[in-house]
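Participant: Generate coordinates for the sequence data below:
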Amino acid sequence: MVHSRRMFLRQAGLAGIGLSFTGALGACSRGKPARSLNLYTWDTYIGKNTVADFAKAAGAGVNISLFANNDELFAKLRSGNQGYDVIVPSNDFVERMYAAGMLTELDHAKIPNLKNIAPQFLNPPFDPGRRVSVPYTWIVTGIGYRKSKVDGVPDSWKWVLDSDRYKGRIALLAEASELFEIGAKYLGHPANTNDPAVIAQVKAMLLKQKPNIAAFHDDNGQDLLLAGDVDLVIEYNGDIAQVMRDDPDLAFVVPREGGILASDGLCIPRNAPNPDLAYAFIDFVLGAKAGADIARTIRYPTPNQAALALMPDDYRNSQVIFPPAAALAACEYSRYRGQEMNSRYEQAMTQVRAG
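Facilitator: Presented below is the predicted three-dimensional model:
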């Protein structure tokens, strides 16, 4: 049966968008609705038992809404918080949303389980001192592929960005900034370049490659690969690790030019309606047991050292979930470089999609 992201959520006890779950303790007397945490997150990005266990522990429901990419998340909150308590942006969007005044500065005294996070994740350049985010996962972008359909290991971005060898069997990320950062790395430039000439080079390359591209995907590249719709896809390591459980013919590689590193964080947006529940949820998720349940389900690398200690060897030793140090050495964190640069990326991507 074809694995889908919605099916994955149903297997985790959730279904659809705008989903909700209320624990037995969450029902108030005399028919009043339970208090609920409003979580805005990525698809397939929560533990199998996270919602039920939190609902039981906190005596509150959880409403989950899903976004496809960071651009959608930012656009949704651009005009103000629409009722969300916790959101899960990636590192460069943590910077962007903080600069735009969208995020609440965190009181670490209300997050005692922050002690479970490995020290190397506590003072990142995109959020020094973890003022507005706590680490949920870390991520590496690379190439997912079907071994039986690809001749060798696609260990260069050339396979997907600059070759017609697999015409019609390639899917690329739709998120403008990350795709252009990958293109810059392939062409020998820093990922976080501000050079308009490099953006123009990448755009020209993508326009030339477009006839060979089957799809620009929003957070479902692994589904396209698993379904057999494509044989090569730019994707995140955890997403490919998820579908590798269903199909041993799938694999993942970080190209030799280096991929993009990311870290998704738990943030409380300004004017969250339930800040006490937001802190309770964040602290719960950072617990060892809850963190291990999340890692076991979503197969992304966890920054939670207490959770990692509870994980089996097939997780801790996976070179998809934890790529080798040599591969990571060539990778770069994506950084927010201001609205002008973001607009240039988005305009260039629009031209590629329309070209």
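
Participant: The spatially most central residue of the chain bridge partners, please.
Facilitator: Nearest to the geometric centre of the chain sits D264, at 5.9 Å (Cα atoms, centre = their mean). Legend: beta-bridge partners of D264 under DSSP bridges are S90, T137.

Participant: is it true that it touches N69?
Facilitator: No - if you go by Cβ atoms under 8 Å, D264 and N69 don't touch, sitting 11.9 Å apart. Placement of C-beta: from N, CA and C, glycine included.

Participant: Please report the distance of D247 from D219.
Facilitator: Distance, D247 to D219, using Cβ to Cβ, to the nearest Å: 19 Å.

Participant: Look at these two and report which has more neighbours.
Facilitator: For D247 and D219, the more surrounded residue by other Cβ atoms under 10 Å is D219, and the numbers stand at 22 against 16.

Participant: Assign the more buried one to one of the three secondary structure states.
Facilitator: Secondary structure, DSSP: H, G, I helix; E, B strand; the rest coil: D219 is coil.

Participant: list the contacts for it?
Facilitator: Contacts for D219 were tallied using Cβ atoms under 8 Å, 6 or more residues apart in numbering; they are R5, W42, D43, A68, N69, D239.

Participant: what's the closest of those residues to K167?
Facilitator: D239 (23.7 Å; Cβ to Cβ).

Participant: D247 contacts G228, correct?
Facilitator: No - D247 is beyond contact range of G228, at 9.4 Å (criterion: Cβ under 8 Å).

Participant: before we move on, back to that, pull the contacting residues for the residue nearest to the centre of the chain.
Facilitator: Residues counted as contacts of D264 (Cβ under 8 Å, 6+ apart) are W42, Y45, V88, P89, S90, N91, P135, Y136, T137, W138, I139.

Participant: please redo it, this time with the cut-off set to 6 Å
Facilitator: Contacts for D264 (Cβ atoms under 6 Å, 6 or more residues apart in numbering) come out as V88, S90, Y136, T137.

Participant: Can you list phi and psi of R96 for me?
Facilitator: Phi and psi for R96, reported as degrees, to the nearest 10, are phi -70, psi -40.

Participant: E257 too?
Facilitator: Residue torsions, per degrees, to the nearest 10, at E257 are phi -70, psi -10.

Participant: That one and Y186 touch, don't they?
Facilitator: Yes - using Cβ atoms under 6 Å, E257 makes contact with Y186 at a distance of 5.3 Å.

Participant: that older thread, who wins for neighbours among the contacts of D219?
Facilitator: D239 (28 neighbours).

Participant: Helix, strand or coil: sort out E235 for me.
Facilitator: Applying three-state DSSP: E235 is strand.

Participant: Please report how far P312 lies from A241.
Facilitator: 13 Å.

Participant: Looking at these two, which is more packed in?
Facilitator: Ranked by neighbour count (other Cβ under 10 Å), P312 and A241 place A241 first, with 21 against 9.

Participant: What's the mean pLDDT across the helix or strand encompassing the more buried one?
Facilitator: Using DSSP states H and E, A241 sits in helix 237-244. Averaging pLDDT along helix 237-244 yields 94.

Participant: Given the helix or strand following it, what are its sheet partners and their directions?
Facilitator: Later in the chain than helix 237-244, the nearest helix or strand by DSSP H and E is strand 250-253. Strand 250-253 has the following sheet partners, assigned by DSSP bridges: strand 134-146 (antiparallel).

Participant: circling back to that earlier point, just the closest of the contacts of D219 to L206, please.
Facilitator: The nearest member of the contacts of D219 to L206, counting by Cβ to Cβ, is N69 at 17.2 Å.

Participant: I'm done for today, thanks for sticking with me.
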